[in-house]
Each structure stands twice: as C-alpha cells, then as structure tokens.
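*Asks:* kindly generate the corresponding structure for this input.
(2 chains)
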Amino acid sequence: MAIFKLPDGRRLEVHKPGARLGDVLKELGLDPRLAKRIIGARVRSSSTGQGRAPEQYVDLYYRLPEDDSLELELLTPESPGAEWLYRHSLAHVLAQAVKRLFPKAKLAIGPPIEDGFYYDFDVPRPFTPEDLQKIEREMKKIVEANYPFERFEVSREEARKMLEEADEPYKLEILDELTEGETVSFYKDGEFVDLCRGPHAPSTGLVKHFKLLDVAGAYWRGDERRPMLQRIYGTAFYRKDDLERFLKQREEAAKRDHRRLGRELELFAMEDAVGPGLVLWLPKGVVVRRELERFEMEEHLKRGYQFVVTPHLGKAQLWETSGHLAYYRENMFKVDVEGQEYFVKPMNCPFHIMIYKSRTRSYRELPLKLAEYGTVYRNERSGVLHGLLRVRMITQDDAHIFCTPDQAEDVVAEVVELAFYLLGALGFRDYEIYLSVRDPQNLSKYAGTDEDWARAEAALEGVLNEKELPYKRMEGEAQFYGPKIDVHARDAIGRLWQLTTVQFDFVLPERFDCTYIAEDGREHRPYIIHRAIFGSLERFLGILIEHYAGAFPLWLAPVQAVVLPIADRHVEYGLNVLNRLREAGVRAELSYSPHKTLSARIRDAQLKKVPYMLVVGDREAKEGTVAVRLRTEEDLGPRPLDELIETLKRKIAERAEL
RNA sequence: GCCGGCGUAGCUCAGCAGGUAGAGCGGCCGCCUCGUAAGCGGCAGGUCGUCGGUUCGAGUCCGACCGCCGGCUCCA
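*Replies:* Next up is the predicted model:
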C-alpha cells in the first residue's frame, strides 16, 4: 500500500503496483488544476532494505514497485525538493544548447546539485565567458520551445548501439558501469536525447528562471589521471524572486570575502615575496586573534587544561615513531640541520606525547589535558590554497587529553560542552554533528583492539545521546586510528564550516609506548584524545571575518571607539577623552586631520566598522560629555564620559555585541 | 599537482593595429575650522609579476617560471 501525500496535506491510500505515477494520478480523480501541477514526488520507503534509498525523487514516469509500501509526497514546482527535478532538466537543456552550438562536444555527466546544476563536456577548446552567454541564449530558446521530456527504456544492446552512433564515449563508459539488471533509460526533449536515470520535469518550459554561473575544469570521475573536462555551473529557480534572492546572496557572500575585508580592515596580508599560504598578521588582526585566544584560554584553564609550548621542528626519527613519515610525508617540509634530517611539524601530537613521557605518570594525574596554540606547517598542494581558509601555516587550538578508558566519556562530554560554549559565544548556534565510526564490513583496516573501538564509539555516542544532540552516524568514516565526532557550524549567512573535532587515537599510545601507573601498581596504556575547537586559528579567523562581515562584536573589535574632534580647538579635549578610554582598557583612537571634515572621518570610521564613534565639539568639551554614534548609525546623543566608560567596560567584560 | 582565467601605482581599474604609462580612491602638502557616510586645490608614487625570445622598437606578440582567482568524489 502506497501513501500519497498531496500538496494540500491530504493523504490517499493507493494500491497499484507496477503502475506509472502519471497514470495513477489520472485515476485518482483529483482536481484537474491540481493534478496538472504535479511534476513528481519525493519517495520515502517505509520498509528499508534491498538497496532502496531512504529517500529519492521521482518523476511521472516512475513505476510503483511491486512491494509498494512507501510514502509519496507529490510535488508541484513550488514544493521544496522540486528543484532537484527541474534543475536536472535544466542541465539537459544546457547540454542540448552546447550540442547545438558545439556539435563536437562529448557529454559526460550533468546532475542537479545543492544550489543548481552542472554539466561536464569534453570540448576541443575551453569555453569562454562569451560562449557562456551564447549558450545561455540558446537555452532560453529551448525553454521557450517547451519540449516535453519523454522517457524511454531500451535494452543494453540497443543503448550501446545508440551511444556508439552518437559517438559518446563517456556515456558508453557509464553504460558499462551500470549493474546487471538495472533499467537503461533515455530522456528526450526536442532533438536532444541523453542517457539518463531521471527524474525530470515534464517539459523544458516549466522553469524559466535560470542563470549560468561559472565554467571550470573538472576531471572525468574526479580522477586526476583522467581527462580534464569543462564544467559549466548554473542555477535555476521556479520563482523569479528566488533566483534574484540567490544571486543577491552570492553577492553578499562576495562582499564578505575575508580576503578583501582582511586588506581593507588591515587584519592580515599575504605577500608574494614571503610565499604562498603564509600569513602576515597585521596589528589589528592580532588584536582579534589575541582576544579570541585569551577568551578561549580562560575557558580552558577553568576546565583544568595546562598549556605547553613545543618546537617547530623535530628529528626524522620522532616522525618515524609517530608514523607521520609513513602516512603524511608528502605534506611535510624537510629541513637539514647539521647534516641530519629534521621535519617541520605538521601536527603537535608527538611533542605533547614526549611531554607526557618526560616522567612517569600516575593515574592520579589523569585526565591530563595538554593544550597549545601550536603553529604547524603543512605542504598543501598549491592549487588548494585559498586566503586564510586553506593555508600552509596553521595555528591549531590543539590539545591532547591522556586519560584512562573509564574517563573517556566524561572527557568527551567536557570537550563537547566547551566547544558549544565557545562557538555559541561567537554567534554560531546551528550545528550539524557527525559521528564517524568503523566500517563494519572492513574491520581489519583499523588499528587498535575491538574492545577499545567499542568503548570509544560508545563514549562518543553516549555523550551525543546524553546531551540529546542530533547527529549523523557515518559508518566507515572513522580514521584508521580511531573514531571521532566532527561539528559543523552554520555562519551568519547560512554556510556550514567544519570546526570542532574530537578524535580517539589508538595508534600513538602504542607507537610511543605511553603508560601510566594505575592503582594496581602496574603499567597501563592511556587513551589519547586529540581535539581542536576552532581548528586552525587562521581558518577560523577567516570564517569569523565573513561571519561578522568584518563588523566584529565590541570585545573583538580591533578599534572599539574612535574619538572625533570637530575642529582644531577640540583636539585637546579629544586627547583627554582618548587617554581616559585607554586607561580604562578600551582600544581607542583619535581621528583628526585638518584636511578632513567630520563627515569624512565618520565615513572612515564607518567603513572600518568601528563600534563606537565619539564626537566632541564645544558643547561636549564644556560639559564633559561625548556625543555617541554607533556603527549601526544609531545616534545615542551626548553622554557623560564617566558613564560611557563604565558602560563600555561592562559591555566588553560581558562580551556584548555592541 | 592538473585545467582554465588573470597579474599595469598601496587599492580598484583604463591603456593593446607593438612607438616607450593614465584615472579614481588612499598617502603627503596647502586653503578651509568644519556637528554625524566623501569640502577645495596641489604634489609624490610604476624596472607594467620575473626571466628569456621576436622586432629598429614590447605593458602590448611568443615561451618558460612565479603568484593570484575559479574548479577538480555532491556519481546517467
């Protein structure tokens, strides 16, 4: 029995195994206006098993299965999820337009994706921006023509013949990879036919609001040994407003670009002469960074962490022991020290372990939490470097926790609590949590004992359940050395960033022969839990810059207040105000230049996103006040200086936004 | 690393039938002494990413290198 959920919320029970969705709809006696609007469905299987996806999108050609115990949510073009159908169709329209304009182009794949769709082509010459415009115009014609999408199924042999005639080598490769017994289907609209699983919108004219966004190289099958194809990205929305909103949001993201803001606000610089992926932190950027570190450090100390400082280099032998040379050598920088091989550290673990091992440890001092703002260097491939988000110098807010197996769950709980506290204070309130565990099909590839794994996975899972945190369980996503929790946080404009990670490590305690003396007087093996909250400070600050669009909350702002004397004769009083602020611990500057009007200097402060602007003129000098303007353009009027200083001190201490 | 695009003053960019460099912003100076997002005027600032080639002559054409930007497992 299939349950049909109608767009108006009604539910119908249908039993028509083997029938096509489009035909079934005709027999339901629905309001014809409604029936005409239905373009497909989201299918949820109520019985899992036999490789059936838990959720899939289907079009009107979909055949209800023999075992039709499922729920079909019928979709109109406006329904959430319907975009997966029509974007897929737009990908075909894109390919159709390319084929018309560039008949030699070979088709690869063209799926719908998160915010749009793409199609990969093998073409003799790469597409230019002008080509994109031409292609887009051709697509408009195809949309205008409103060709219906027709599905037909053929035998494997027939499909092979068709694709050989069409000379589509990539499609042939796809055909060959289809598993035995899988239906081979084509979709046809107008003159264009494409091997395709579907689903599709009923016709090319359904969605008129689309835009081609970018063209980029992409390897066939994502494999760098295979041919480089040309990928065209586009997006599409049923409603024009939604397309415009999406394009605006892209512009908004571009405006927040941390590389631009970093330069404009003088937070950091990257110079060709220094080297790619290496960051120069400017004074204002360091203020933000230090404040962040100070906040984080305080919270760590409250929870019993101890800070350490370790070298930037270590002998080859150390990295041999840790296994980094075996598994990570490509990313490590080698240094010659008096004829001996050293490596710049890509991680802090071996050093923290050496600190642990610097004397005999008792169970009484566990859990031992060693933390470090350790700058590590990794030789990231040049092509992946990106502003602060992907660099070669990485300052981790790193810690290694040495604990007994019994303590593992409490330790994890504390880390998770700490992470949410710190991220929450910075305005990250929406998370996606991933629990990565072993692949039950392939247990042999993991280090450590079954007992340790079971225990660690239970600890991680136990904490998430205890705190009632929703999470996704990722089978087989664990590292070979241990299971982990990853936290992705959503920023102010809705993008997700992977930040916190908590990982068990069953390899390093063995390799370094870490031990502690337990109550029984014997040596036992500790667990090592590797964790970082913000991850890399470079990357996190890049994220924060974009999250706040450069307008940092008061406590993080590089300049918290700027004093603005109106004319020459107010500078003296302005300097008094400045000194009072600085004595009170407020980061303040005075902005005065005989070349610049007050308006111009206010504009400067506004562009630098300074939270408080304090205008001083005759009235203020006489009355011992300052006229307060906020960067939100709110005018608070004159305030007694003493009162304002107290307010600022309080707000900074509270880590208030403004 | 690979594919494509790009690389002119601190920033954003113009200049390209190859004849030897320009604007705005910013900086500095002067006038103005100014009440909440740009007052007016002047000056300085460039081995046109680097190296090599073609040419009487190269920012402009060719090649190599360096760097930046977009992308490279969201599977018909």
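
*Asks:* hmm, residue A:341 is touching residue A:314, no?
*Replies:* No. The pair residue A:341 / residue A:314 is not scored as a contact, 10.4 Å apart, by Cβ atoms under 8 Å. All C-beta spots, glycine's among them, are computed from the backbone N, C-alpha and C.

*Asks:* going by residue numbers, what spans are strands in the stretch 251-400 of chain A?
*Replies:* When assigned using DSSP state E, counting those that start in this stretch, the strands of the stretch 251-400 of chain A occupy the ranges A:268-269, A:280-281, A:306-307, A:313-315, A:334-337, A:340-344, A:368-377, A:393-403.

*Asks:* between residue A:341 and residue A:314, which one's more packed in?
*Replies:* residue A:314 (20 against 14; other Cβ atoms under 10 Å).

*Asks:* any idea what that one is bridged to?
*Replies:* According to DSSP bridges, the partner residues bridging residue A:314 are residue A:343.

*Asks:* and residue A:612, by the same measure?
*Replies:* When bridges are called by DSSP bridges, residue A:612 pairs up with residue A:561, residue A:630.

*Asks:* quick check, the residue in the stretch 551-658 of chain A closest to RNA strand B?
*Replies:* Distance from RNA strand B to each residue of the stretch 551-658 of chain A (Cβ to the nearest atom of the strand) is smallest for residue A:617, at 2.6 Å.

*Asks:* that residue against residue A:567, yeah?
*Replies:* Yes. The pair residue A:617 / residue A:567 is scored as a contact, 7.4 Å apart, by Cβ under 8 Å.

*Asks:* quick one, which of these two is more surrounded?
*Replies:* residue A:617 (19 against 12).

*Asks:* which non-adjacent residue is nearest that one?
*Replies:* Among residues not flanking residue A:617 along the chain, residue A:566 sits closest, at 4.0 Å (Cβ to Cβ, 6 or more residues apart in numbering).

*Asks:* what's the answer for residue A:626, then?
*Replies:* Nearest residue to residue A:626 in three dimensions, chain neighbours excluded: residue A:614, at 4.0 Å (Cβ to Cβ, 6+ apart).

*Asks:* I'd assumed residue A:559 was in contact with the one you found.
*Replies:* No. Counting by Cβ under 8 Å, residue A:614 stays clear of residue A:559, with 11.7 Å between them.

*Asks:* mind checking which of those two has more residues around it?
*Replies:* Ranked by neighbour count (other Cβ under 10 Å), residue A:614 and residue A:559 place residue A:614 first, with 28 against 20.

*Asks:* contact partners for the more buried one?
*Replies:* Residue A:614 makes contacts with A:561-564, A:577, A:626-629, A:644, as judged by Cβ atoms under 8 Å, 6 or more residues apart in numbering.

*Asks:* swap in residue A:479?
*Replies:* Residues in contact with residue A:479, defined by Cβ under 8 Å, 6+ apart, are A:436, A:503.

*Asks:* try residue A:492
*Replies:* Counting by Cβ under 8 Å, 6+ apart, residue A:492 touches A:427, A:547-549.

*Asks:* same question, residue A:400
*Replies:* Applying Cβ under 8 Å, 6+ apart, the residues near residue A:400 are A:348-349, A:352-353, A:356, A:369-370, A:528-531.

*Asks:* ok, 7 Å please
*Replies:* By Cβ atoms under 7 Å, 6 or more residues apart in numbering, the contact set of residue A:400 is A:349, A:352, A:370, A:528, A:530.

*Asks:* these two touch, right, residue A:163 and residue A:172?
*Replies:* Yes. Applying Cβ atoms under 7 Å, one finds residue A:163 in contact with residue A:172, separated by 4.9 Å.

*Asks:* returning to that earlier point: RNA strand B is nearest to which of the strands of the stretch 251-400 of chain A?
*Replies:* The closest of these to RNA strand B is strand A:268-269. By Cβ to the nearest atom of the strand, the value is 9.0 Å.

*Asks:* which elements pack onto that closest one?
*Replies:* Under the contact criterion of 3 or more Cβ pairs under 7 Å, 6 or more residues apart in numbering; DSSP states H and E, strand A:268-269 touches strand A:280-281.

*Asks:* the strand it packs on pairs with which strands?
*Replies:* strand A:268-269 (antiparallel).

*Asks:* is RNA strand B contacted by the partner strand?
*Replies:* No. Applying Cβ under 7 Å from any atom of the strand, one finds strand A:268-269 separated from RNA strand B by no less than 9.0 Å.

*Asks:* what's the average pLDDT for that strand?
*Replies:* The average of the pLDDT scores along strand A:268-269 is 92.

*Asks:* stretch A:250-265 now?
*Replies:* Mean pLDDT, stretch A:250-265: 86.

*Asks:* and it, what's buried?
*Replies:* Residues of stretch A:250-265 classed as buried by neighbour count (16 or more other Cβ atoms under 10 Å): A:256-259, A:261-262, A:265.

*Asks:* filtering those residues by proximity to RNA strand B, which remain?
*Replies:* residue A:259.

*Asks:* name the nearest of the buried residues of stretch A:250-265 relative to residue A:361.
*Replies:* The closest of the buried residues of stretch A:250-265 to residue A:361 turns out to be residue A:258 (Cβ to Cβ; 41.9 Å).

*Asks:* how deep is the nearest residue to the closest one once chain neighbours are set aside tucked in, by neighbour count?
*Replies:* Nearest residue to residue A:258 in three dimensions, chain neighbours excluded: residue A:545, at 3.9 Å (Cβ to Cβ, 6+ apart). Using other Cβ under 10 Å, residue A:545 has 26 other residues around it.

*Asks:* give me phi/psi at residue A:545?
*Replies:* Main-chain torsions, residue A:545, degrees, to the nearest 10: phi -60, psi -40.

*Asks:* what sits against it?
*Replies:* With contact set as Cβ under 7 Å, 6+ apart, residue A:545 has these partners: A:258, A:261-262, A:267.

*Asks:* is it correct that the residue nearest to residue A:626 falls within a strand?
*Replies:* Yes. Per DSSP: H, G, I helix; E, B strand; the rest coil, residue A:614 lies within a strand segment.

*Asks:* show me what residue A:13 is bridged to.
*Replies:* Residues in beta-bridge contact with residue A:13 (DSSP bridges): residue A:3.

*Asks:* measure it to residue A:81 for me?
*Replies:* For residue A:13, the distance to residue A:81 (Cβ to Cβ, to the nearest Å) stands at 22 Å.

*Asks:* these two: who's more crowded?
*Replies:* Taking neighbours as other Cβ under 10 Å, residue A:13 and residue A:81 compare with residue A:81 leading, 13 against 8.

*Asks:* and the more buried one, how far from residue A:39?
*Replies:* From residue A:81 to residue A:39 the distance is 11 Å (Cβ to Cβ).

*Asks:* from residue A:206, how far off is residue A:334?
*Replies:* Taking Cβ to Cβ, one finds residue A:334 at 58 Å from residue A:206.

*Asks:* who has more neighbours, the two?
*Replies:* residue A:206 (20 against 11).

*Asks:* wait, the more buried one sits on residue A:87?
*Replies:* No. Contact between residue A:206 and residue A:87 fails when scored by Cβ under 7 Å: they sit 11.0 Å apart.

*Asks:* residue A:236 looks like it's in a strand, true?
*Replies:* Yes. With three-state DSSP as the criterion, residue A:236 is part of a strand.

*Asks:* ok, now which ones touch it?
*Replies:* Neighbour list for residue A:236: A:86-87, A:90, A:116-117, A:207, A:209-210 [criterion: Cβ under 7 Å, 6+ apart].

*Asks:* still on that earlier bit, make a PyMOL selection of the buried ones in the contacts of residue A:400.
*Replies:* Those of the contacts of residue A:400 that count as buried under 16+ other Cβ under 10 Å are selected in PyMOL with:
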select buried, chain A and resi 349+352+370+528+530
